[in-house]
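Student: quick one: sequence and predicted model below, then my questions.
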Amino acid sequence: MDIGIQEQKKKAGSGSCFQKDHQEFLQKSESLHQVFKNICYEGKLLLGRNLRRAGCLLQFFETRFVKHLEAEEKVLYPFIETHIPRYASVILFFHREHKDLQETLGELRQIVEKLQGNQNYLRNKKLIETIQWKGAYFNHLLRSHIKTEVETVLYAFDRELRREERQELLEELRQYQLH
Ligand SMILES: [Fe+2]
Ligand SMILES: [Fe+2]
C-alpha cells in the first residue's frame, strides 16, 4: 500500500476513541427519546416498566457520558486550543453546550424520580409532557454537538496536529479509558 495512504489511514483513526463513544451516545440517546415517547403514549399500565428503562439509560449518561465530557474539557479542548488557537471560539461554545446537556440530564432525572414516587398517570400529565419535549431537546442538542465536534476539534485532532502532538494527546487521554 502507498505510504501516503497508510499514513492517512493512521491519522484518520486518532480521534476514533471519541468517535466510538459518540456512536454509542447517539444510539442510547435515540433509545432514551423513544422511552420518553412511550411514557407519553403507552399509558399508565406500562409506566413503571418505561420509567425503569429510562432510569437505566439516564444512569449510562450520568457515568459514561459525563466521563467523556470531562476528557474533552480537561484534555482535548485545552490541547487543541493551545496548538490551534483559531478553534477557541467554537470550544467556548462547546463548554456551554456541555453545561446545557448536563443540566437537561439532571432535569430528566428529577422528573423520572418524581414519576417513580407517584405513578398517578392523570395527575402527572404535565410532567409526562415535559419529559417528552426535554428528551427530544437532549437528543437534538447531542446530535448537533457531536456533528460540530467531528467537523472541528476531531478534524483538527486527525488532520491538523503533528504526529508527535497526536501521540502526546493520546497519552494524556489514556487515563479516561475512552472506547
Ligand atoms: Fe463534547
Ligand atoms: Fe464528544
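Tutor: Received, thanks. Residues are numbered from 1 along each chain as shown. Ligands and ions are numbered 1, 2, ... in the order given.

Student: all contacts plus neighbour counts: C-alpha atoms, from now on.
Tutor: Fine.

Student: in the helix or strand hosting residue 39, what's buried?
Tutor: Using DSSP states H and E, residue 39 falls within helix 16-41. Within helix 16-41, the residues scored as buried using 16 or more other CA atoms under 10 Å are 16-19, 22, 25-26, 28-40.

Student: before we move on, what about stretch 49-66?
Tutor: Buried-residue list, stretch 49-66, by 16+ other CA under 10 Å: 50, 51, 53, 54, 55, 57, 58, 61, 65.

Student: repeat that for stretch 157-169.
Tutor: 157, 158, 159, 160, 161, 163, 166, 169.

Student: about what we covered before: helices - which of the buried residues of stretch 49-66 land there?
Tutor: Residues of those located in helices (DSSP state H): 50, 51, 53, 54, 55, 57, 58.

Student: show me where pLDDT drops low in this structure?
Tutor: Within the chain, the segments meeting pLDDT under 70 span 1-14, 179.

Student: before we move on, back to that, same list (the ones in helices among the buried residues of stretch 49-66) but as JSON lines, adding distance to residue 122.
Tutor: Formatted as JSON lines, those follow (distance: CA to CA, whole Å):
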{"residue": "50", "distance to residue 122": "16"}
{"residue": "51", "distance to residue 122": "16"}
{"residue": "53", "distance to residue 122": "21"}
{"residue": "54", "distance to residue 122": "19"}
{"residue": "55", "distance to residue 122": "21"}
{"residue": "57", "distance to residue 122": "25"}
{"residue": "58", "distance to residue 122": "24"}
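
Student: return the member of the residues you listed nearest to residue 115.
Tutor: Lowest distance from residue 115 to those (CA to CA) belongs to residue 51, with 7.8 Å.

Student: which element is the nearest residue in space to residue 88 that is not next to it in sequence on?
Tutor: If the residues on either side of it in the chain are set aside, residue 88 comes closest to residue 81, at 5.4 Å by CA to CA, 6 or more residues apart in numbering. Assessed by DSSP H and E, residue 81 sits inside helix 77-83.

Student: which strands and helices lie in contact with that helix?
Tutor: helix 88-117 (3 or more CA pairs under 8 Å, 6 or more residues apart in numbering; DSSP states H and E).

Student: for the buried residues of stretch 49-66, which one is nearest residue 117?
Tutor: Closest approach to residue 117 among the buried residues of stretch 49-66 (CA to CA): residue 51, at 10.7 Å.

Student: measure that closest one to residue 29 for me?
Tutor: Noted for residue 51: a distance of 15 Å to residue 29, by CA to CA, to the nearest Å.

Student: likewise for residue 60?
Tutor: Applying CA to CA, the value for residue 60 to residue 29 is 10 Å.

Student: residue 146 touches residue 23, doesn't it?
Tutor: No - judged on CA atoms under 8 Å, residue 146 makes no contact with residue 23 at a distance of 9.4 Å.
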